[in-house]
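S.K.: Mind looking at a prediction? Sequence and model below.
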Amino acid sequence: MYFIAVDLGTTNVKVCCYDSSLRVLSSESENVIYDRTEEFVEFDAEKYFEMVAAMIKKSCISASLSIPYPITQIILTGQAESLVALDKHQRPACKAISWLDMRSKEECKELKLVFPPEKCYPITGQPEIIPTWPITKILWIKKNKPTLFFNIATYVLLKDYIIFRMAGVFSGEYSIYNFSHYFDITNKTYWDEILDYVGVSRSQLPPLVEPGSIAGYITQEAMKMTGLASSVKVNVGTLDHFCGMIGTGNIYDGRISESAGTVLSLATMISHPNFQASRIPIHYGPFHDKYVYLPVCESGGISLEWFKTQFLKDVSYDQLNKQLENRKISGQLLFLPYIAGTNAPEFNSFVKGGFFGVSVSHDKYDFALAVMEGVAHLLKKNIDFIEQTQNVSGAIISTGGGAKSAVWSQMKADITGRIIAIPENEETCCLGAALMGAVSERLFPDFETAIKQCVRIKKEYFPQKNPVYIKKQLQFNALYEALLPIYDK
């Protein structure tokens with residue numbers, strides 16, 4: 001048996017081919033191209049699918065498989081909220097709207113008046129209505145492009161669209177629809193009241209299924225584009241964060257994993273949602289009737305990506321880390337990483353990023369170190385918030401691009417006071433997707449057995465007490481609170 005895992009990423013798409021032992025045979029990655037203005041972030045959904053199909057074919061060639069490629073399953077994972085609107089012919093009616101798009105701030109205000117947080121949270125598991133959610137983008141289309149709104153026959157999320165193009169059927173799985181803000185996570189159905197308000201009917205939305213379900217077999221068109229055999233099954237998979245949890249072995253209550261990618265997110269499994277104890281985002285998880293606490297900070301790795309692109313363009317990440325290895329932490333310089341979207345635990349969309357405590361002695365590498373530190377302080381802030389409700393045990397399992405940095409990982413260990421564990425397989429999201437496929441094919445009797453055989457930790461960073469970090473964590477929190485009146489005005 002062979003498995004293809006497809007990670008429909010924000011920054012790039014990744015495709016990995018695995019054999020029946022879950023050994024990586026090939027790995028491909030391609031950047032995603034966006035049309036951007038100050039608040040609009042759009043992309044071509046059809047070109048996105050064509051890139052995915054080409055990468056699947058390339059991955060099979062790199063794995064030296066024979067034609068037609070005898071893949072058992074394609075398992076899809078990736079981003080959740082990006083919205084694709086289709087016309088009556090099931091073709092994109094407009095450019096797809098990325099979750100990064102912030103056009104719908106006014107629509108958020110309108111929806112909050114009708115659906116206050118105390119009403120939404122027990123239904124959607126989300127403590128705030130923010131521009132990220134597709135429901136806000138649909139309302140924006142209705143108010144700003146009424147002709148387009150009238151001509152849209154179907155609303156799907158990006159993964160749904162790729163499933164449709166691969167298997168010829170519409171199928172939306174629960175863990176992705178956590179992020180739509182029109183999904184009832186405990187009843188596992190659409191939230192009709194908010195859909196009625198926006199003017200969307202259930203007939204315009206895909207049927208909902210459990211994560212890991214088989215949508216169907218590959219279509220003739222997809223076979224031609226990929227070279228795959230007609231027997232290939234398309235598995236709907238689950239959210240990228242949840243595949244990452246599986247790929248790191250984080251499938252038990254109270255364990256915690258960190259995705260240190262473009263977005264910083266924390267994930268810990270829970271058996272029952274608690275809507276009374278706090279306002280932590282709660283999601284339907286990757287397994288039947290299991291839930292996940294998942295605070296998400298949109299200004300995670302993107303903060304360092306932004307700084308490097310703007311101020312260290314000719315410096316590689318390896319060179320940057322070498323420069324920072326022996327650099328002393330500045331006792332004054334602080335960075336608030338609120339540069340994109342909203343961050344847990346506050347979800348204040350009006351807060352902006354900034355540097356504080358700048359002096360003439362600081363150079364560009366001090367600023368880069370401060371960016372890393374600011375994200376680490378945000379990580380600590382969210383772990384403290386989770387612990388108000390859920391006991392967190394063991395190490396923090398760290399994945400994503402940020403986990404490749406020894407400097408950043410040690411910093412996170414020192415600031416959080418917890419071991420930072422780095423998995424042997426860097427592509428934990430794709431590995432988790434492949435594990436879903438392997439378990440569904442009964443190569444393993446359950447996920448516990450699969451993880452014991454396939455998941456390893458290669459490096460651990462142990463916390464070292466640093467009084468400078470303790471002081472700066474207090475300063476970080478105080479600075480955020482002190483600036484709130486300015487942001488509010």
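M.R.: Received the coordinates, thanks.

S.K.: Quick check on Q410: phi, psi?
M.R.: phi -70, psi -40 (degrees, to the nearest 10).

S.K.: can I assume it is in contact with N466?
M.R.: No - Q410 lies out of contact with N466 (Cβ atoms under 8 Å); the separation is 10.2 Å. The way it works is simple: take the backbone N, C-alpha and C, and place the C-beta from them, glycine included.

S.K.: Those two: who's more crowded?
M.R.: Q410 (17 against 13; other Cβ atoms under 10 Å).

S.K.: what sits against that one?
M.R.: Q410 is in contact with I420, Y461, Q464, counting by Cβ atoms under 8 Å, 6 or more residues apart in numbering.

S.K.: could these be laid out in CSV, adding secondary structure?
M.R.: Shown next, in CSV, are these (DSSP: H, G, I helix; E, B strand; the rest coil):
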residue, secondary structure
I420, strand
Y461, strand
Q464, coil
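
S.K.: of those residues, closest to L86?
M.R.: Closest to L86 out of the contacts of Q410 is I420 (42.6 Å), distances taken as Cβ to Cβ.

S.K.: And for the host helix or strand of L148, what's in contact with it?
M.R.: If you go by DSSP states H and E, L148 is part of helix 146-151. Here helix 146-151 makes contact (Cβ under 8 Å, 6+ apart) with A85, D87, K88, A93, C94, I141, K142, G199.

S.K.: need the contact list for the third one.
M.R.: The neighbours of K88, taking Cβ under 8 Å, 6+ apart as the test, are N151, A153.

S.K.: in which helix or strand would I find it?
M.R.: Going by DSSP H and E, K88 is not in any helix or strand.

S.K.: Please report how far it lies from G172.
M.R.: For K88, the distance to G172 equals 19 Å [Cβ to Cβ, to the nearest Å].

S.K.: Neighbours of I415, how many?
M.R.: 24.

S.K.: Same check on S104?
M.R.: Count around S104 with other Cβ under 10 Å applied: 27.

S.K.: Find the nearest non-adjacent residue to it, please.
M.R.: Excluding its sequence neighbours, the residue lying closest to S104 (Cβ to Cβ, 6 or more residues apart in numbering) is T136, at 3.8 Å.

S.K.: next one: phi and psi at the one you found?
M.R.: phi -70, psi -30.

S.K.: Give me the pLDDT value at it.
M.R.: We have a pLDDT of 98 for T136.

S.K.: which phi and psi does the closest residue to A406 other than its chain neighbours have?
M.R.: In this structure, A406 finds its nearest non-sequential neighbour in N321, 6.7 Å apart by Cβ to Cβ, 6+ apart. Recorded main-chain torsions at N321 are phi -60, psi -40, according to degrees, to the nearest 10.

S.K.: Check R202 too.
M.R.: phi -60, psi -30.

S.K.: Partner strands of the host helix or strand of S27 and their direction?
M.R.: Assigned by DSSP H and E, S27 falls within strand 24-31. Strand pairing for strand 24-31, determined by DSSP bridges: strand 12-18 (antiparallel).

S.K.: who's in contact with the partner strand?
M.R.: Taking Cβ under 8 Å, 6+ apart as the rule, strand 12-18 contacts 2-7, 24-32, 48, 51-52, 55-56, 58-60, 62-63, 65, 71, 78, 427, 429-431, 434, 438.

S.K.: List the buried residues in it.
M.R.: Judged by neighbour count using 16 or more other Cβ atoms under 10 Å, the buried positions of strand 12-18 are V13, K14, V15, C16, C17, Y18.

S.K.: does I397 count as helix, strand or coil?
M.R.: Applying three-state DSSP: I397 is strand.

S.K.: I'd like to know how far it sits from F335.
M.R.: 25 Å.

S.K.: Pull out the buried residues from the strand holding S27.
M.R.: Judged by neighbour count (16+ other Cβ under 10 Å), strand 24-31 contains these buried residues: V24, L25, S26, S27, E28, E30.

S.K.: ok, now stretch 67-78?
M.R.: Applying 16+ other Cβ under 10 Å to stretch 67-78 flags Y69, I71, T72, Q73, I74, I75, L76, T77, G78 as buried.

S.K.: Grab the CA positions of it and hand them over as PDB.
M.R.: In PDB, the C-alpha atoms belonging to stretch 67-78 read as follows (Å, rounded to 0.1, in the frame of the first residue of the first chain):
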ATOM      1  CA  ILE A  67       2.000   4.100 -13.900                       C
ATOM      2  CA  PRO A  68      -0.800   4.200 -13.200                       C
ATOM      3  CA  TYR A  69       0.400   5.100  -9.700                       C
ATOM      4  CA  PRO A  70      -1.000   2.500  -7.200                       C
ATOM      5  CA  ILE A  71      -1.800   4.800  -4.400                       C
ATOM      6  CA  THR A  72      -4.300   3.400  -1.900                       C
ATOM      7  CA  GLN A  73      -5.500   6.700  -0.400                       C
ATOM      8  CA  ILE A  74      -5.000  10.400  -0.800                       C
ATOM      9  CA  ILE A  75      -5.500  12.000   2.600                       C
ATOM     10  CA  LEU A  76      -6.200  15.700   2.700                       C
ATOM     11  CA  THR A  77      -5.300  18.100   5.500                       C
ATOM     12  CA  GLY A  78      -4.500  21.800   5.800                       C
END
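
S.K.: Report the mean confidence score over whatever helix or strand A85 lives in.
M.R.: For A85, the host element (DSSP H and E) is strand 83-86. Strand 83-86 shows a mean pLDDT of 98 in the predicted model.

S.K.: Show me what the helix or strand L474 falls within is packed against.
M.R.: Assigned by DSSP H and E, L474 falls within helix 467-488. Contact analysis of helix 467-488 by 3 or more Cβ pairs under 8 Å, 6 or more residues apart in numbering; DSSP states H and E lists strand 334-336, helix 364-386, helix 406-416 as its packing neighbours.

S.K.: right, and those - which one's nearest T268?
M.R.: Of all the helices and strands packed on helix 467-488, helix 364-386 comes closest under Cβ to Cβ, at 6.5 Å.

S.K.: angle of that closest one against helix 467-488?
M.R.: Interaxial angle of helix 364-386 relative to helix 467-488 (axes from the mean of the first three to the mean of the last three Cα atoms, to 10 degrees): 80 degrees.

S.K.: For helix 364-386, buried residues please.
M.R.: In helix 364-386, counting by 16+ other Cβ under 10 Å, buried: 366-383, 385-386.

S.K.: how many degrees apart are that helix and helix 406-416 in direction?
M.R.: Using the same axes, to 10 degrees: helix 364-386 against helix 406-416 is 40 degrees.

S.K.: Give the other helices and strands that helix 364-386 contacts.
M.R.: Here helix 364-386 touches strand 256-260, strand 264-270, strand 296-297, helix 301-311, helix 317-324, strand 334-336, helix 406-416, helix 467-488, going by 3+ Cβ pairs under 8 Å, 6+ apart.

S.K.: could you redo these as JSON lines and give each row distance to F287 and mean pLDDT?
M.R.: Shown next, in JSON lines, are the helices and strands packed on helix 364-386 (distance: least, Cβ to Cβ, whole Å; pLDDT from 0 to 100):
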{"stretch": "strand 256-260", "distance to F287": "15", "mean pLDDT": "90"}
{"stretch": "strand 264-270", "distance to F287": "8", "mean pLDDT": "91"}
{"stretch": "strand 296-297", "distance to F287": "20", "mean pLDDT": "88"}
{"stretch": "helix 301-311", "distance to F287": "27", "mean pLDDT": "95"}
{"stretch": "helix 317-324", "distance to F287": "35", "mean pLDDT": "95"}
{"stretch": "strand 334-336", "distance to F287": "36", "mean pLDDT": "96"}
{"stretch": "helix 406-416", "distance to F287": "27", "mean pLDDT": "97"}
{"stretch": "helix 467-488", "distance to F287": "34", "mean pLDDT": "92"}
